[in-house]
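Q: This is the structure alone, sequence omitted:
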């Protein structure tokens, strides 16, 4: 069964600094998708970034980038120049076909 | 473009009752997935609907059932409510075949007393 593990329940970062959130997953598939979602206190889940497993190049979206290590089954999220609005729960997710699997989340605090 | 909407926002039920939650998919999306998110946990996949048929199910008992309508909106029904059913229920819509990207609604907070 596919599992997604986020080993950091809580993280904090100084405003304008860089933080990396960790995620590992378990799968026997070779083609799948990985995602990072942000869930602010208002609770609406928002897609931050997406990675397709067959692409070797790491995805980047403005201040957000990933380090995708397929062999190690690792998918970390780097947030550069952290802003107060980045404070939220961050969920790593794995998708194959019509199934989605989420990690337990990392709560990110941004310190002014 | 209208996003995913869910109703109601909050709901309180007692053990043994039945509940229906509703979701309107984003314009142009034909697939709806439902998730249960317990407090402090990540969302757990309940099931997915595509073209009015169930298209995949997570590890949830049969008392969790759903419907999808011709306009792609969807309902989640839960019978014989248990205390552990208290959670945030999230609906997500997507366009089938479009790289699995899902768009989430704001959720319905269900409390079972």
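A: Noted; the coordinates are in hand. Nothing here was measured: the structure is a model prediction, and the numbers come from that model.
Q: which ones are touching the most centrally placed residue in chain A?
A: With distances taken as Cα atoms, centre = their mean, chain A has residue A:36 as the residue nearest its mean C-alpha position (3.4 Å). Taking Cβ atoms under 8 Å, 6 or more residues apart in numbering or on different chains, we find residue A:36 in contact with A:21, A:23, A:47-49, A:64, A:66, A:75, A:77, A:90-93. Where C-beta positions appear, they are placed from N, C-alpha and C, glycine not excepted.
Q: Please produce a markdown table containing these, extended by secondary structure and pLDDT.
A: Listed next are those as a markdown table, based on DSSP: H, G, I helix; E, B strand; the rest coil; pLDDT from 0 to 100:
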| residue | secondary structure | pLDDT |
| --- | --- | --- |
| A:21 | strand | 98 |
| A:23 | coil | 98 |
| A:47 | strand | 93 |
| A:48 | strand | 95 |
| A:49 | strand | 95 |
| A:64 | strand | 97 |
| A:66 | strand | 97 |
| A:75 | strand | 97 |
| A:77 | strand | 98 |
| A:90 | strand | 97 |
| A:91 | strand | 96 |
| A:92 | strand | 97 |
| A:93 | strand | 94 |
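Q: Can you give the contact residues for stretch A:47-64?
A: Stretch A:47-64 is contacted from outside by A:29-38, A:65-68, A:70, A:75, A:77-83, A:90, B:99, B:101-103, using Cβ under 8 Å, 6+ apart.
Q: Let me know the pLDDT of residue B:33.
A: Note for residue B:33: predicted pLDDT of 93.
Q: wait, residue B:97
A: For residue B:97, pLDDT reads 58.
Q: So what's the residue count around residue A:64?
A: Counted with other Cβ atoms under 10 Å in any protein chain shown, the neighbours of residue A:64 add up to 16.
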